[in-house]
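Trainee: Below are the sequence and a predicted model for it; my questions follow.
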Amino acid sequence: MKDTASLRRRILSRNARVAVVGQGYVGLSLACAAAESSFSVVGLDVDGARINDLSREILSVPGVDEPSFRAALATGRIRFTSDGSSTKDCDIVVICVPTPVRDHAPDLSFVHEACATVSKHLSSGTLVVLESTTYPGTTEELLKPALELSGLQMGKDFLLAYSPERIDPGNEEYDFRSVPRVVGGLTPEATGAATLFYAQLVDKVISVSSTRAAELAKLLENTFRHVNIALVNEMAMICHEMDIDVWEVIMAAASKPFGFMPFYPGPGVGGHCIPLDPEYLAWQVRRDAGRQFRVLEEAQDVNGQMPVYVAGRVGEALNETRKSVKGSEILVLGVAYKPDVADPRESPAMPVMSALHKKGARVRFHDPHIPTCSFNGTVLERTELTQRSLSSADIVVLITPHKVYDLEWIAKHSHLVFDARNAFGELKISNVVTL
Ligand code: SAJ
């Protein structure tokens, strides 16, 4: 691109104007980081209500660090709009829109829409970066042609790169700047320009040779977690059959200071990353390599069966007290997909409750962060957590151990507890059965 040097100068001098398309927790976190790094930033989103809130300095986007949002506002360098034409004056346009899964296949409709907007207003000399998690090849196969509909040519008139988001809402150990960024461009100039941009925002940038390497690195990160969670979930089932304490086994193995990383069994894998990102990889390997990604597909099978397995173990625990699931009162504690978040997406709690409900149990739930939930076409209001709601349950099933839960108090007022997370751990309490 003829004016790459000019772009690089504008990045270093902070005169480069940045547009971030998509103001979910990924895009808004990036927009705030860029503003705090002295760039002039415009955050775009098609959700007018969200833009209205943000413009009135209301942080209505869950998962964004509030102090970072306030600090960005204080710079006076950030603004929010739904007007797609705001990208036309920008030197750098970053696309951070959702990439959900529909029927086990990637749904890139939000990326298509964002590209159409960016393409319409694309000007020469712009660096475009995709951050949304997707399968290898998306930047090259989808974004490049879509953006060239502008009449501009990638490489000659604009630069195109990929950098996977690594925002981890609620993570108090790593902030935006301390998490290294992987960057890969469709051309070396794109890699260089994107590397220079992100180097202003984070302490360490890992430049790779292509967008495909960067796209696949992200999927490897989360597939790694998915597969290792499946490993310990299957270990939990085997240990139960062999009457060995899987939690003790993992604790012991984790004493090895090298070559091991502990994962922990549970009722299944929730969230919008770990259960879904690997679907993109499995889909693409089937499409492009004409074969299964066997380890991944087996892991999906193991993790997918955990909710029913947990429901079965709850039935076993009731059986030990000469009760059947059918007709039992069951109180589930914690329906968010992981502790101390209010996000129920893909949470295993719902399929656990569904399985128990189908066996004839009367299922109620409590979650400090989630007031209603639904399964089997039933919408449930949260049951308040009281001595009575505990004691009136035949069994209390702890799915997500939010830190607000007083576990000893819960056990004290419950007839029986099934602990799907070993949250009681060292608290060896007689009426608590552990996965
Ligand atoms: N889970 C287990 N056993 C484990 C770990 C997780 O059953 O040992 C379950 C959790 O309960 C949850 C699901 O898996 O239902 C996902 O948990 P997660 O800890 O992976 O949390 P996420 O989904 O928020 O993953 C995000 C990811 N971050 C990004 O993609 C930027 C992931 O790469 C991070 O490693 C993870 O946060 C993290 O470490 O917090």
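Mentor: Arrived safely.

Trainee: got a list of what V179 touches?
Mentor: Residues near V179 by CB atoms under 8 Å, 6 or more residues apart in numbering: 166, 168, 202. The way it works is simple: take the backbone N, C-alpha and C, and place the C-beta from them, glycine included.

Trainee: Among these, name the least confidently predicted one.
Mentor: Minimum pLDDT for those is recorded at D168 (86).

Trainee: thought it was touching D175?
Mentor: No: between D168 and D175 there is no contact under CB atoms under 8 Å: 9.8 Å.

Trainee: gap between G155 and the ligand?
Mentor: Going from G155 to the ligand by CB to the nearest ligand atom, to the nearest Å gives 29 Å.

Trainee: Get me the contact residues on this structure for the ligand.
Mentor: By the rule CB under 6 Å from any ligand atom, the part of the chain lying against the ligand is 166-168, 171, 221-222, 225, 229, 263-264, 266, 269-271, 273-274, 337-338.

Trainee: Distance check, the nearest residue to A253 once chain neighbours are set aside against R287.
Mentor: Spatial nearest neighbour of A253, excluding adjacent residues (CB to CB, 6 or more residues apart in numbering): F260 at 5.7 Å. The spacing between F260 and R287, counted by CB to CB, to the nearest Å, is 34 Å.

Trainee: which ones are touching F418?
Mentor: Counted by CB under 8 Å, 6+ apart, F418 has contacts 310, 313-314, 317, 395-398, 432-435.

Trainee: first vs last residue of stretch 45-62, how far apart are they?
Mentor: By CA to CA, to the nearest Å, the extent of stretch 45-62 from end to end equals 15 Å.

Trainee: now do stretch 40-58
Mentor: From its first residue to its last, stretch 40-58 covers 20 Å (CA to CA).

Trainee: Can you give the distance from that stretch to the centre of its chain?
Mentor: Averaging C-alpha positions (CA atoms, centre = their mean, to the nearest Å) puts stretch 40-58 22 Å from its chain's average.

Trainee: That stretch: which residues count as buried?
Mentor: Neighbour-count burial for stretch 40-58 flags 40-46, 50-51, 53-54 (criterion: 16 or more other CB atoms under 10 Å).

Trainee: ok, D107 to L276 distance?
Mentor: 10 Å.

Trainee: Kindly export stretch 190-198 (C-alpha atoms) in PDB.
Mentor: Output of stretch 190-198 as PDB, limited to C-alpha atoms (Å, rounded to 0.1, in the frame of the first residue of the first chain):
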ATOM      1  CA  ALA A 190      -0.700  -5.600   7.100                       C
ATOM      2  CA  THR A 191       1.000  -7.700   9.700                       C
ATOM      3  CA  GLY A 192       3.500  -4.900  10.400                       C
ATOM      4  CA  ALA A 193       0.900  -2.200  10.600                       C
ATOM      5  CA  ALA A 194      -1.500  -4.300  12.800                       C
ATOM      6  CA  THR A 195       1.500  -5.300  15.000                       C
ATOM      7  CA  LEU A 196       2.400  -1.600  15.400                       C
ATOM      8  CA  PHE A 197      -1.200  -0.700  16.300                       C
ATOM      9  CA  TYR A 198      -1.600  -3.400  18.900                       C
END
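
Trainee: Identify the residues contacting that stretch?
Mentor: Contacts of stretch 190-198 (CB under 8 Å, 6+ apart): 4, 7-8, 11-12, 16, 92, 127, 129, 155, 159-161, 163, 181, 183-185, 205, 207-209.

Trainee: Just the buried residues of these.
Mentor: 4, 7-8, 11, 16, 92, 127, 129, 155, 159-161, 163, 181, 183-185, 205, 207-208.

Trainee: So which of these sit within helices?
Mentor: 4, 7-8, 11 (DSSP state H).

Trainee: List just the nearest of those to the ligand.
Mentor: Minimum distance to the ligand across those is 24.3 Å, recorded for I11 (CB to the nearest ligand atom).

Trainee: Kindly give a single ChimeraX line that selects the buried subset of the contacts of F418.
Mentor: Selection of buried members from the contacts of F418 for ChimeraX, criterion 16+ other CB under 10 Å:
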select :310,313,314,317,395,396,397,398,432,433,434,435
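
Trainee: Now render the contacts of F418 as CSV, adding secondary structure and distance to G151.
Mentor: Compiled in CSV, those are given as follows (DSSP: H, G, I helix; E, B strand; the rest coil; distance: CB to CB, whole Å):
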residue, secondary structure, distance to G151
V310, helix, 56
R313, helix, 61
V314, helix, 61
A317, helix, 66
I395, strand, 65
V396, strand, 63
V397, strand, 59
L398, strand, 59
V432, strand, 66
V433, strand, 66
T434, strand, 63
L435, coil, 58
